[in-house]
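Participant: no sequence for this one, just the structure:
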């Protein structure tokens, strides 16, 4: 599945191992074939690349490679595209493996993760779902608001998610402790930081893309009831920190150039530091969420990154505007990506209006996620350039 | 200064280098002498310790050492105490240095940092300062609430803090962009995680101390105006992420045993997972904040850890109660430590009632911190067992 996302126009970067073997390698993917970059280098097939690129591609995480200048990423991409003009069967034995024989690992070691809230529709819908009124938080039109997330619970796609326990109010308003009764997903994209900054440095909009290695899919799993009791006034903690799933393949901004488009217009004059001189600051990336139950798969959301009010550049700029430093491997996510239509809600909080409505899946009803449900998000940018999927099954809470 | 905090009863752990030399060593401190633990090992003076302890003590950060079982920390402490029965001058050349000839470094690499809100007085005072009403957030008596902080901007004591820029409302209520006009400090203690947990594991109260390597001082610098505009509904981000100062010496729970005391009583029955079978769950640690200006030093807060409603054990238990994993080196902080009296406010937001009142320093007035101000926090547990200081100077915003 999703083989069509990985044409020679894509050239994503990830970390893979042959299933059952411990050796982790930097890797890319063409259709359903995984190509191990350290093996390509061992066979002299990347000899046009500078020494530092080869050293970085021999590591078991992509941090060293991501930290290299963008020109080296581009050179690596071009070398690989050139190599893949021939059928992959020409590559020496051991350089490739079928996707099904491979385990994917976290591509990057992240020290910090910020989840922004870039979707105006999501914010308005969430307000309606929780407080029955549509409103924007006071900062929303001034800058991308967000919260610091937890990196210890970032997990690879396909890792199951155990239903978390916590404290929340029951229907009578009493605080109870137990497995969440409102397990939700959030369909998001995130960027991975390449070039780091020092403390007290700020990044200008015009330079922001230089700090982005590429994009991934991200599912910010949320326990709405736990989140509801804890959020005032410090924001989410245990309602989110039990799991955040990410997709295995980092899609570079170079691969996304064919999808680059103008972002949403500003409704309010922004502060000078957020002025982006380049109006092409978003991407036409079609996103989808599918809920897979015992009886089949139902598409529960179709949306697009181009509905976002704030861009990835804005996130980099805002994060560093106070002098906060960013490090290679940091994750900055969009928050739930929702469109303005009823079929483009990127989480169940919106789709069910805070749990008041149910929706139909094959032969059944859902309000929030049930044990055994599988949630799959996917994204396609242009022909042959997609993100594959970010998927996980919900397991029952531990006794 | 603070030599009296570091008797042979203390034996803190830190990372030090001789000023101007790159080599970083694990270290401890007796009075104003820093002792390099890798040099002690090189001279065979720690030969009673197991091989894994010696390996860990030869690293340039304390993560490997912190991850070892508590029995090894205790054995190391005892070995050092035994060694220091003789005057330090008996130690071979190169094993010691005067504190003034040493640079201290971040003792631990932290991937995650949670700042909890454990002080009932702080929460009530902050509510009064901001919203002119004293109230507890809905979750406060049920569990320690908190937010995920930023690890990229954690800095060593003595590193200056550059006044951050950001967006906030001016006196007329208009959103402006510029250097914060409400720079504040927060007097806190934090624990450093030793033994890690796996995702979906939870820690019981009775086992929580096993996951704590020791405590440090922490100053959660805050730009109250930036924080004020951004916090709704996702909590603090840029108002906090520009700097968090920590003290260099990790004080182990063993060194704090003489100060162990009963914690505050529960005002509400807590959920079973937060029931602590051991009522001795706090420490009698006297804390102080001094504001040092051109004209002298003024004590602006005197408080005690024993006023906290939630304990370090509660924080470990709450953080992992939803299955969130913790890693060695993680930082879990108390939030502002304030007492019930007017001289025990652990931040200026409280002391100035949200900036409405000023207070007197030597020959001058302050509302929030001004450029050139030096903020020093310190803590003393028992005779000869203290934390030293966590100190930093405020530098002007960058143009």
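Facilitator: Thanks, I have it. Every value quoted in this text rests on a predicted model; they were computed, and no experiment measured them.
Participant: Neighbours of residue A:364, how many?
Facilitator: For residue A:364, the neighbour count with other CB atoms under 10 Å in any protein chain shown is 13. In short, each C-beta sits where N, CA and C put it, glycine included.
Participant: which residues does it form a beta bridge with?
Facilitator: Applying DSSP bridges to residue A:364 gives these bridge partners: residue A:361.
Participant: Could you check how far it is from residue A:293?
Facilitator: Distance, residue A:364 to residue A:293, by CB to CB, to the nearest Å: 7 Å.
Participant: what does residue A:105 give?
Facilitator: For residue A:105, the distance to residue A:293 - CB to CB - is 28 Å.
Participant: For residue A:364, give me the pLDDT.
Facilitator: Per-residue confidence (pLDDT) for residue A:364: 89.
Participant: doesn't residue A:295 make contact with it?
Facilitator: Yes: counting by CB atoms under 8 Å, residue A:295 is a contact partner of residue A:364 at 6.9 Å.
Participant: Quick check: closest non-adjacent residue to residue A:154.
Facilitator: For residue A:154, the nearest residue in space outside its immediate sequence neighbours is residue A:244; the separation is 4.9 Å by CB to CB, 6 or more residues apart in numbering or on different chains.
Participant: got a list of what the one you found touches?
Facilitator: By CB atoms under 8 Å, 6 or more residues apart in numbering or on different chains, the contact set of residue A:244 is A:113, A:149-150, A:153-155, A:218-221.
Participant: before we move on, which element is the residue in the stretch 101-250 of chain A that chain B sits nearest to in?
Facilitator: Closest approach of the stretch 101-250 of chain A to chain B (CB to the nearest CB) occurs at residue A:235, with a separation of 2.3 Å. For residue A:235, there is no host helix or strand (DSSP states H and E).
Participant: any idea how far the closest residue to it other than its chain neighbours lies from residue A:213?
Facilitator: Distances taken as CB to CB, 6+ apart put residue B:235 closest to residue A:235, at 2.3 Å, once the chain neighbours are dropped. Relative to residue A:213, residue B:235 is positioned 27 Å away (CB to CB).
Participant: go on, residue A:315?
Facilitator: The value you get for residue A:315 to residue A:213, if CB to CB is used, is 14 Å.
Participant: Next, show the common contact partners of those two.
Facilitator: With CB under 8 Å, 6+ apart as the test, residue A:315 and residue A:213 both reach residue A:191.
Participant: how's chain A carved up into domains?
Facilitator: A:3-105, A:113-395 (automatic domain parsing).
Participant: Flag every residue of the stretch 51-200 of chain A that's near chain B.
Facilitator: Proximity of the stretch 51-200 of chain A to chain B (CB under 8 Å from any CB of the partner chain) is limited to residues A:111-112, A:114, A:117, A:137-139, A:142-143, A:145-153, A:155, A:162, A:164-167, A:175, A:177, A:199-200.
Participant: what's the answer for the stretch 201-350 of chain A, then?
Facilitator: Residues of the stretch 201-350 of chain A lying close to chain B (CB under 8 Å from any CB) are A:202, A:223, A:226, A:229-239, A:241-243, A:271-273, A:318-319, A:321-327, A:330.
Participant: Can you list which of these are found in strands?
Facilitator: The strands, defined by DSSP state E, take in residue A:223 from those.
Participant: what sits against residue A:372?
Facilitator: Contacts for residue A:372 (CB under 8 Å, 6+ apart) come out as A:293-294, A:393-394.
Participant: Out of the residues you listed, which is nearest to chain B?
Facilitator: Distances from chain B to these, taken as CB to the nearest CB, are shortest for residue A:394 (12.4 Å).
Participant: need the contact list for the nearest residue to residue A:204 once chain neighbours are set aside.
Facilitator: Once flanking residues are discounted, residue A:204 sits nearest to residue A:317: 7.1 Å by CB to CB, 6+ apart. By CB under 8 Å, 6+ apart, residue A:317 lies in contact with A:202-205, A:208, A:273-274.
Participant: for residue A:17, same thing?
Facilitator: Per CB under 8 Å, 6+ apart, neighbours of residue A:17: A:23-25, A:102-103, A:105.
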